[in-house]
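Novice: compute the structure for the input listed below.
(chains A, B, C and D)
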2 protein chains.
Amino acid sequence: MLGLSQTCGYAILALSCLHECGGGWVLARDIARCTGIPQAYLSKVLHSLARRGLIVAKRGYRGGFALARAPDRISLLDVAEAVEGEQAVPRCLLGLSECSPERACPTHRFWQRERERITAELGRLTLVEVAQFERQDGTWLGSCDPRNSRHVNRRRSARTATVNGRSRHRDGGNRS
Amino acid sequence: MLGLSQTCGYAILALSCLHECGGGWVLARDIARCTGIPQAYLSKVLHSLARRGLIVAKRGYRGGFALARAPDRISLLDVAEAVEGEQAVPRCLLGLSECSPERACPTHRFWQRERERITAELGRLTLVEVAQFERQDGTWLGSCDPRNSRHVNRRRSARTATVNGRSRHRDGGNRS
DNA sequence: TATTTTCTTGACAGGCTGGTCATGATAAGA
DNA sequence: TCTTATCATGACCAGCCTGTCAAGAAAATA
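Specialist: Numbers count the residues shown, from 1 in each chain, chains lettered A, B, ... in the order given. Below you'll find the model as predicted:
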């Protein structure tokens, strides 16, 4: 099947959800309800995004997740590589391990071009474009706003933890 | 991972190998040796290609496999759909089940265009183009000629069973 | 310090993909 | 009819992806 994994789709939905909240800690539970992703699985996806430094996590009372950097600096390619590893867009369309310019598969040249187009587009699309898309069309899948949830942290706490605006960038690093 | 399955790559290698033999029954064992595909697994791949009518199989002494129709009428898209089902190039890049024009994911429009390009190219590329590619570059992975193998059927038997030139088209149908 | 809240993480399960092995079915020829 | 060559197919396995569950660790607060 020629496509990214479902987990990658989940990751983009979750990040977009965090972006929509405009900074502040958002509970995994609320992201799950907002996006429809199974919560237990979402926890693992979020964890892998945190490990790759795309988001930061805070445990305990009034904890949650937040973007680790500005939304225009998180591309869909970043997400794909965080979730699926470096080879999210593989070199050989046919999945042949020893396909190279010297020893190529028949789709090699075509896929080389196409791969560049796809990689470039995934690199260009950031969470900002995703949000714009949503506003323009109103068709985005995860359009429920987690801030309207009864479980979400109060707005004032969202101001305290200004994650996007830099200030706690280095927090993402010191994890075991 | 954004790519077709390895099995699909196997299928294209195997079909190309059959085409290179220019008609006549080729043993699964020889295709396996020529392409490097594990023989037991190749058997299953060939079987699924036979079920979809891309090749014909003959059991018993001097049996083997042969293309069921002319090589320029077997596209890579045919192969992908035979092996991976109709949705070889899925509608949603992110694998989201409910992604549609009314309720879209952020990559929807981009992927719609890209999907058409890829599908068209896979539909255009047939076994003939694959063979041309091989001749031009000499880089094709499965370039060992199974006819040079000590196990292959004698050339005279290859003339007997002219599969490509029509004549036994209907054989593919009557299987339980 | 005890409690509550929340993320973390390991165990596990089901389905799919890639792969192996053994047995059965069938075709040709002696 | 017997033998041999060959494909067909079911059982099985390992690894990955998706998903669930539960116990553990950490942070805030009373």
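Novice: tell me the residues of chain A that contact DNA strand D?
Specialist: A:5-7, A:10, A:37-41, A:43-44, A:58-63, A:84 (C-beta under 7 Å from any atom of the strand). C-beta: built from backbone N, CA, C; applies to glycine.
Novice: so which of the residues you listed belong to strands?
Specialist: Per DSSP state E, strands hold the following members of these: residue A:58.
Novice: can you show me the helices along chain A?
Specialist: Read by DSSP state H, chain A holds these helices, from start to end of the chain: A:6-20, A:28-35, A:39-51, A:76-84, A:108-124, A:127-137, A:155-160.
Novice: buried stuff in stretch A:112-128?
Specialist: Taking 16 or more other C-beta atoms under 10 Å in any protein chain shown as the neighbour-count basis, stretch A:112-128 is seen to contain the buried residues A:114-115, A:118, A:121-122, A:125-127.
Novice: now do stretch A:88-107
Specialist: For stretch A:88-107, the neighbour count (16+ other C-beta under 10 Å) marks A:88-96, A:99, A:104-107 as buried.
Novice: kindly report the same for stretch A:64-72.
Specialist: When burial is assessed from 16+ other C-beta under 10 Å, stretch A:64-72 yields the following buried residues: A:64-69, A:71.
Novice: go on, stretch A:17-34?
Specialist: Buried residues in stretch A:17-34, counted by 16+ other C-beta under 10 Å: A:17-21, A:23-34.
Novice: rewinding a little: which one of the helices of chain A lies closest to residue B:79?
Specialist: Shortest separation from residue B:79 across the helices of chain A is recorded for helix A:108-124, at 15.0 Å, computed as C-beta to C-beta.
Novice: and the angle for the closest one with helix B:108-124?
Specialist: Here the directions of helix A:108-124 and helix B:108-124 differ by 180 degrees (axes from the mean of the first three to the mean of the last three C-alpha atoms, to 10 degrees).
Novice: from the contact counts, what lies against helix A:108-124?
Specialist: helix A:76-84, helix B:108-124 (3 or more C-beta pairs under 8 Å, 6 or more residues apart in numbering or on different chains; DSSP states H and E).
Novice: list the contacts of the first one.
Specialist: Going back to what we said before, that points to helix A:76-84. Defining contact as C-beta atoms under 8 Å, 6 or more residues apart in numbering or on different chains, one finds that helix A:76-84 is touched by A:4-5, A:7-8, A:11-12, A:15, A:45, A:48-49, A:52, A:54, A:88-89, A:119, A:122-123, A:125-126, A:130, B:1-2, B:106-107.
Novice: now the closest residue to residue A:43 other than its chain neighbours: how far from residue A:67?
Specialist: With C-beta to C-beta, 6 or more residues apart in numbering or on different chains as the criterion, residue A:43 has its nearest non-adjacent residue at 5.5 Å, and that residue is residue A:28. The gap separating residue A:28 from residue A:67 is 14 Å, by C-beta to C-beta, to the nearest Å.
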